[in-house]
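*Asks:* got a structure for you, letters missing:
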């Protein structure tokens, strides 16, 4: 059976993002983002209702402060009490799961989209995604970047401005570019 480009995308396989089905999905998400990003003056319950229109899961008391940017929205699952501050970007060509009570600073980028390393394949326009999972009670400082395929364990801390290219163990604190563990936590 021949799979659609969307089915390939969702499975993390090479796909063409320019196919009509995915372009329609992107256009629908752009229209939703216009509405969501105009909702800053609304109460959190009204913004939650808007989030529930597009995201895969929105746990109780989850908050995303607009402006917010994503590719599709339907691949994003927020646990209860998740908080994303202003100007976060989630490129969600595959699953992004954010666990309960996680706090994410402004300008954080969570990027599942990836590209082939072979220049000929890349030139063909094919791309793929690798899922990102962020555990419970994680704190991600402003301006951090979480790269494709990363898993962040429960209770971890990602320092502001860090670029996270590898998995982060539960309870670890990582900082820098590339993000590396630090020996102890304060506070």
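*Replies:* Thanks, I have the structure now. As the structure is a computational prediction, the values presented were derived from the model and not from experiment.

*Asks:* only C-alpha atoms from now on, for both contacts and neighbour counts.
*Replies:* Noted.

*Asks:* before we move on, which element is residue 46 in?
*Replies:* helix 44-54 (DSSP states H and E).

*Asks:* over to residue 29?
*Replies:* helix 20-37.

*Asks:* same question for residue 133.
*Replies:* Using DSSP H and E, residue 133 maps to strand 132-134.

*Asks:* still on that earlier bit, got the contact list for the helix holding residue 29?
*Replies:* Outside helix 20-37, the residues that touch it by C-alpha atoms under 8 Å, 6 or more residues apart in numbering are 5-6, 17, 47, 50-51, 54, 66-73.

*Asks:* picking that back up, let's test this: mean pLDDT of the strand holding residue 133, rounded?
*Replies:* On average, the pLDDT along strand 132-134 is 98.

*Asks:* so which elements touch that strand?
*Replies:* With contacts defined as 3 or more C-alpha pairs under 8 Å, 6 or more residues apart in numbering; DSSP states H and E, strand 132-134 has these neighbours: strand 96-98, strand 151-152.

*Asks:* and the contacts of helix 20-37, which two are the farthest apart?
*Replies:* For those, the maximum inter-member distance is 31.2 Å, found between 5 and 47 (C-alpha to C-alpha).

*Asks:* more neighbours, the two?
*Replies:* residue 47 (22 against 19; other C-alpha atoms under 10 Å).

*Asks:* quick one, what contacts that one?
*Replies:* Residue 47 touches 36, 39, 40, 63, counting by C-alpha under 8 Å, 6+ apart.

*Asks:* show me where pLDDT drops low in the protein?
*Replies:* 184-187 (pLDDT under 70).

*Asks:* would you map the helices across it?
*Replies:* 5-10, 20-37, 44-54, 119-123 (DSSP state H).

*Asks:* now the longest one: how far from the chain's centre is it?
*Replies:* When distances are taken as C-alpha atoms, centre = their mean, to the nearest Å, helix 20-37 is centred 16 Å away from the chain's centroid.

*Asks:* got the angle between it and helix 44-54?
*Replies:* Here helix 20-37 points in a direction 180 degrees away from that of helix 44-54 (axes from the mean of the first three to the mean of the last three C-alpha atoms, to 10 degrees).
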